[in-house]
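> Using only what follows, build the 3D model:
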Amino acid sequence: MTKRIHFISIGGAVMHNMAIALHKKGYIITGSDDEIYEPAKSRLAKYGILPTEIGWNTQNIHSDLDAVILGMHAKADNPEIAAAKQIGLKIYSFPEYMYEQTKEKKRIIVGGSHGKTTTTAMILHVLNHYQKKFDYLVGSQLEGFETMVGFLEDSDLAVFEGDEYLTSALDLRPKFHVYQAEIGIITGIAWDHINVFPTYENYCNQFKIFAEALPENGALIYCESDPEVKRLVAEWNIKARKIPYSTPQFEVHNGIVDMEFEKEKYQLKVFGTHNLQNMMAALYACKEAGINGEEFMEAISSFKGTAKRLETLKETADSIIYRDFAHAPSKLKATVNAVRELYPERKMIAVYELHTYSSLNKAFLPHYTGSMDLADFKAVLFSKHALEMKKMPMLNEEEVALGFGDETLAFSNKNELRNWIEKNYTGKENLLLMSSGTFDGMSLEF
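The predicted model follows:
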């Protein structure tokens, strides 16, 4: 019998991808949301599952539904949630339903404060290269994959990006706890989401729970090059096999990364110490999926990266303009350092937008100190409107600049920032634009 599923908050990045994936599996999908933006709007319309009206409507909830899937955007007082509870329908968060779809399969879950999307993408790229069958969840659009979520009836493997953020308004567990990993990865630990995890100890404890829940026949793949990860893993009571990885040996020549693996040389399209660490995590994960090291290296050589992760917007003989999703201090530093590593002689302009709750928190700003030190010109943008919308205390340019230090300039006006970039960018520098937002709508064409 065909399942009928209703999505509350269907317009979310992952939610609309899951809705499409289940629709393609043959399920009957309906949904609702109070706002749906592109590309979700067009993609849902393409498959005939775009809501006809914007807003919540209790008539969407009826006893013919097999389940309701709840997105993080929906609040606990949502009227459709109340209606579903009253009827007695099963309500899943999307992580719970990802588990429900894959509970009989081997689950590889990629966790960590940074590098999750890239590591997951690398694993999927290699599995896809060898035409393996798998279910998946990844936080970015990937080349060769129509959706960010995929389900197959006849697969016995699932690979998920394991976000540590909360599951839903009704379930305050981190998402990566809900997936119940058999193979777990921790790429690195650096305090993030301070609006949810108020202390560093509380944040680290989420990874402890993740690691200690791995079964005896499972494995924890972890980055021993990260001193915090190495220290914490040694302290935790882990039943699973422990598989450490570190930065591989590599050389950079004229913007090309050469890496030696088992006496063979490979040229890679990704660069930066952090991405090569991510690659080693993916290598060990793929070994758990039955792919050997030589096979992995052959396939990963064609991996170009993911959307918005050190994505090249423009390239000339003398300059590259990159866009990157970096937002936490550790991500910012890794991205700046990667570009410096690849082009040590070329001047670099690094521009960052404060966008998340953590980054816009005055008390958190000192964590960014030194994160862009290797850039020659440094600027930070924050929007006073964004602070008002998030109902957060106002910041001023002086305290933001002080938080970053080392001659960083702060701007609260996107036009003034753009003028500063145009003044310093002559076409002979690398320009690095980092944000999980949109730079307040500023054009990124230079």
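
> Show me how the chain divides into domains.
Domain segmentation of the chain under automatic domain parsing yields 4-89, 97-300, 311-441.

> Let's have the ones you listed in TSV, adding mean pLDDT.
Below are these laid out as TSV (pLDDT from 0 to 100):
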stretch	mean pLDDT
domain 4-89	94
domain 97-300	93
domain 311-441	91
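
> Redo the ones you listed as CSV? Include mean neighbour count.
For glycine as for every other residue, the C-beta is placed from the backbone atoms N, C-alpha and C. Shown next, in CSV, are the domains of the chain (neighbours: other C-beta atoms under 10 Å):
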stretch, mean neighbour count
domain 4-89, 18
domain 97-300, 19
domain 311-441, 18
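
> Strands along the stretch 51-200 of the chain, start to end?
With DSSP state E, counting those that start in this stretch as the definition, the stretch 51-200 of the chain shows strands at residue ranges 67-70, 91-93, 106-111, 135-137, 149-150, 157-161, 166-168, 171-174, 183-186.

> And for the stretch 301-446 of the chain?
Taking DSSP E, counting those that start in this stretch, the strands of the stretch 301-446 of the chain run over residues 311-315, 320-324, 348-353, 377-381, 409-411, 430-434.

> Can you lay out the ones you listed as JSON lines showing distance to residue 10?
What follows is the strands of the stretch 301-446 of the chain, written out as JSON lines (distance: least, C-beta to C-beta, whole Å):
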{"stretch": "strand 311-315", "distance to residue 10": "27"}
{"stretch": "strand 320-324", "distance to residue 10": "27"}
{"stretch": "strand 348-353", "distance to residue 10": "28"}
{"stretch": "strand 377-381", "distance to residue 10": "31"}
{"stretch": "strand 409-411", "distance to residue 10": "36"}
{"stretch": "strand 430-434", "distance to residue 10": "30"}
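
> thinking residue 138 is in contact with residue 121, fair?
Yes. The criterion here is C-beta atoms under 8 Å, and residue 138 meets it with residue 121 at 5.9 Å.

> any common contacting residues for the two?
Common contacts of residue 138 and residue 121 (C-beta atoms under 8 Å, 6 or more residues apart in numbering): residue 306.

> Run a quick neighbour tally on the closest residue to residue 85 other than its chain neighbours.
Among residues not flanking residue 85 along the chain, residue 91 sits closest, at 7.1 Å (C-beta to C-beta, 6 or more residues apart in numbering). Neighbourhood size, residue 91 [other C-beta atoms under 10 Å]: 20.

> what ranges do the helices span in the stretch 1-150 of the chain?
Assignment of helices within the stretch 1-150 of the chain using DSSP state H, counting those that start in this stretch yields the ranges 13-24, 40-46, 79-87, 94-102, 116-129.

> Could you measure from the closest residue in space to residue 373 that isn't next to it in sequence over to residue 336?
Closest residue to residue 373 apart from its sequence neighbours, by C-beta to C-beta, 6+ apart: residue 406 at 5.4 Å. Distance, residue 406 to residue 336, by C-beta to C-beta, to the nearest Å: 12 Å.

> Next, show the common contact partners of the two.
Both residue 406 and residue 336 are contacted by 372-373, under the criterion C-beta under 8 Å, 6+ apart.

> Residue 285 contacts residue 221, correct?
Yes. If you go by C-beta under 8 Å, residue 285 and residue 221 touch, sitting 6.1 Å apart.

> Tell me the residues that contact both of these two, please.
183, 185.

> per-residue pLDDT, residue 307?
We have a pLDDT of 68 for residue 307.

> Could you export the strands of the stretch 51-200 of the chain as TSV, including distance to residue 49?
Below are the strands of the stretch 51-200 of the chain laid out as TSV (distance: least, C-beta to C-beta, whole Å):
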stretch	distance to residue 49
strand 67-70	13
strand 91-93	18
strand 106-111	27
strand 135-137	19
strand 149-150	14
strand 157-161	23
strand 166-168	21
strand 171-174	24
strand 183-186	32
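
> between those, which gets nearest to residue 25?
Distance to residue 25, taken as C-beta to C-beta, is lowest for strand 149-150 among those, at 9.3 Å.

> mind listing what that closest one pairs with, with the direction of each?
According to DSSP bridges, strand 149-150 forms sheet pairs with strand 135-137 (antiparallel).

> ok, residue 107 - contacts?
With contacts defined as C-beta under 8 Å, 6+ apart, residue 107 is in contact with 99, 158-160, 179-183.

> With respect to residue 38, which of those residues is nearest?
Each of the contacts of residue 107 was scored against residue 38 by C-beta to C-beta, and residue 160 proved nearest at 25.3 Å.

> Quickly note the distance from that closest one to residue 176.
To residue 176, residue 160 is 8 Å away according to C-beta to C-beta.

> shared neighbours, these two?
Here residue 160 and residue 176 have residue 109 as joint contacts, going by C-beta under 8 Å, 6+ apart.

> now residue 215: how far from residue 280?
Applying C-beta to C-beta, the value for residue 215 to residue 280 is 23 Å.

> Could you do residue 304 as well?
As judged by C-beta to C-beta, residue 304 and residue 280 stand 18 Å apart.

> same deal with residue 90?
The gap separating residue 90 from residue 280 is 40 Å, by C-beta to C-beta.

> go on, residue 263?
The gap separating residue 263 from residue 280 is 17 Å, by C-beta to C-beta.

> before we move on, what about residue 393?
Counting by C-beta to C-beta, the separation of residue 393 from residue 280 is 41 Å.

> And for residue 324?
Using C-beta to C-beta, residue 324 is found at 21 Å from residue 280.

> now swap in residue 130 and tell me
Taking C-beta to C-beta, one finds residue 130 at 19 Å from residue 280.

> ok, now residue 373?
Per C-beta to C-beta, residue 373 is found 26 Å from residue 280.

> Equivalent analysis for residue 379, please.
Distance from residue 379 to residue 280, counting by C-beta to C-beta: 33 Å.

> and if you look at residue 43?
According to C-beta to C-beta, residue 43 stands 34 Å off from residue 280.
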